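K.L.:
Sequence and predicted structure are below.
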Amino acid sequence: MRSETVLPAGTWDLARAIDRVLIDHDSRHRRRIVLRTEAARELLLDLAQAVRLRHGDGLLLDDGGVVRVEARPEPLAEIHAHADDDLVRIAWHLGNRHLPVQLLGVHIRIRRDHVIEAMVEQLGGHVDHIEAPFDPEAGAYAAGPHHHHHHHHDDDDH
C-alpha cells in the first residue's frame, strides 16, 4: 500500500477507513516511512514534504482507501491547578523551557519528567501520571491557521 496524501482529521469520512496505524508522537513528523498497520500490512508513506501526522488524520491510499492515523498512548504527566493564575504561570514556565505541551483547557499534558513535575508542584500545580496519546502544540513558527500539517522553520520538534 502507498499514500502520498494526508487527509486532516475531521475532513474525511471515517467509514472509508480500511485499517489504522498506531504511531507515537516522535514518529508522527514524517515525509517518507514504511508503517505497519494494525492488520500487519506495510504502508509506504511518501509525501512531498514532512508533515506532523495528527490523531484522526487519514492516509489516502492510491486505490482510494484510507488508513486512519491514531496516536499511540505514552507515559505523560497531566497537570492541573486549583487557580487559573497558577495554571497560567505553570504554562509560562513550561514554555520558557521550550517543552512540548498539549493544552487541554484546564489541563496541560507533558512527557513525564520528575524535575519538571517537582517545579509544577512548587508553582501550585498538581500532577497525575497517565497513559494517553500525546499531541502537543506545533509551535509559534508552524505555518497555517491551525498549526496543522506544516513543517517547522527549524529542526526543533516542539
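P.N.:
All right, it came through fine.
K.L.:
okay, CA-based contacts and neighbour counts for the rest of this
P.N.:
OK.
K.L.:
Run through the bridge partners of Leu7.
P.N.:
Beta bridges link Leu7 to Gly58 when assigned by DSSP bridges.
K.L.:
can I assume it is in contact with Leu59?
P.N.:
Yes - under the criterion of CA atoms under 8 Å, Leu7 makes contact with Leu59 at 6.2 Å.
K.L.:
Looking at those two, which one has more neighbours?
P.N.:
Neighbour totals were compared for Leu7 and Leu59, and Leu59 leads with 26 against 20 (other CA atoms under 10 Å).
K.L.:
which strand of the chain spans the most residues?
P.N.:
Longest strand in the chain, counting residues (DSSP state E): strand 42-52.
K.L.:
Report the buried residues of it.
P.N.:
By neighbour count with 16 or more other CA atoms under 10 Å, strand 42-52 contains the buried residues 43, 45-46, 50-52.
K.L.:
can you check stretch 116-136 too?
P.N.:
Buried residues in stretch 116-136, defined by neighbour count with 16+ other CA under 10 Å: 116-117, 120, 124-127, 133-136.
K.L.:
Any stretches of this protein with poor pLDDT?
P.N.:
Residues of the chain meeting the criterion pLDDT under 70: 139-158.
K.L.:
any idea which residue sits dead centre in it?
P.N.:
Asp135 (2.4 Å; CA atoms, centre = their mean).
K.L.:
before we move on, back to that, list the pairing partners of the longest strand of the chain within its sheet, with orientation.
P.N.:
Sheet pairing of strand 42-52 (DSSP bridges) gives strand 2-7 (parallel), strand 29-36 (antiparallel).
K.L.:
TSV for these, including distance to Arg112?
P.N.:
Listed next are the strands paired with strand 42-52 as TSV, based on distance: least, CA to CA, whole Å:
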stretch	distance to Arg112
strand 2-7	30
strand 29-36	20
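K.L.:
right, so those: which one is the most enclosed?
P.N.:
strand 2-7 (a mean of 18; mean count of other CA atoms under 10 Å).
K.L.:
what about the strands in the protein?
P.N.:
Under DSSP E, the chain gives strands at 2-7, 17-23, 29-36, 42-52, 58-61, 66-71, 74-81, 102-104, 107-111, 125-132.
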